[in-house]
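Asks: Have a look at this prediction, sequence included:
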Amino acid sequence: MLNITEAAATRIKEMMKEEDDENVLLRVGVKGGGCSGLSYGMGFESEVNDDDQTFELHGIEIVMDKESRPVMDGVKIDYKENMMGGGFTLDNPNAIASCGCGASFRTATNAGKPEDC
């Protein structure tokens with residue numbers, strides 16, 4: 001199961017209020033790409049596809065495609081503020097390697113040869 005900290009949930013809700021669509025959902029998932037093979041995706045949308053699964057955390061309706069679910073199992077999404085601003089962080093216990101910038105990762109099931117950064 002995906003985990004979202006209170007800090008991340010608070011920031012996501014603030015961002016959702018800024019959207020023009022009151023039925024907006026948080027879409028999270030992974031896609032192929034990046035230096036290590038997979039990249040995270042997180043954004044807002046209002047449509048649910050046939051191959052999507054939906055669930056709720058902290059009052060946030062979340063949508064995720066079925067292929068991303070095993071890779072995102074156990075991922076913790078947090079939001080941290082510092083003097084340079086703030087941002088979301090994702091901690092993935094399934095990742096066996098990640099790019100130096102942390103934007104992409106590899107799991108044991110997609111452990112093919114990574115592209116050069």
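Replies: In hand now; what should we look at?
Asks: use CA for all of it now, contacts and neighbours both
Replies: Fine.
Asks: what residue lies at the spatial centre of this structure?
Replies: Closest to where the C-alpha atoms of the chain average out (CA atoms, centre = their mean) is residue 28, at 4.2 Å.
Asks: Quick check: that one is in a strand.
Replies: Yes: when DSSP: H, G, I helix; E, B strand; the rest coil is applied, residue 28 is found to be in a strand.
Asks: What's opposite it in the beta bridge?
Replies: When bridges are called by DSSP bridges, residue 28 pairs up with residue 42.
Asks: For it, list the residues it contacts.
Replies: Each residue near residue 28 by CA atoms under 8 Å, 6 or more residues apart in numbering is listed here: 40-43, 62-64.
Asks: again, but for residue 55
Replies: 61-63.
Asks: Just the closest of those to residue 89, please.
Replies: Relative to residue 89, the closest of the contacts of residue 55 is residue 62; by CA to CA it sits at 17.1 Å.
Asks: Got the phi and psi for the closest one?
Replies: phi -120, psi 140 (degrees, to the nearest 10).
Asks: Could you check the helix or strand where residue 89 lies and say which residues are buried?
Replies: Here residue 89, judged by DSSP states H and E, is contained in strand 85-91. Buried residues in strand 85-91, defined by neighbour count with 16 or more other CA atoms under 10 Å: residue 90.
Asks: This completes my enquiry, with thanks.
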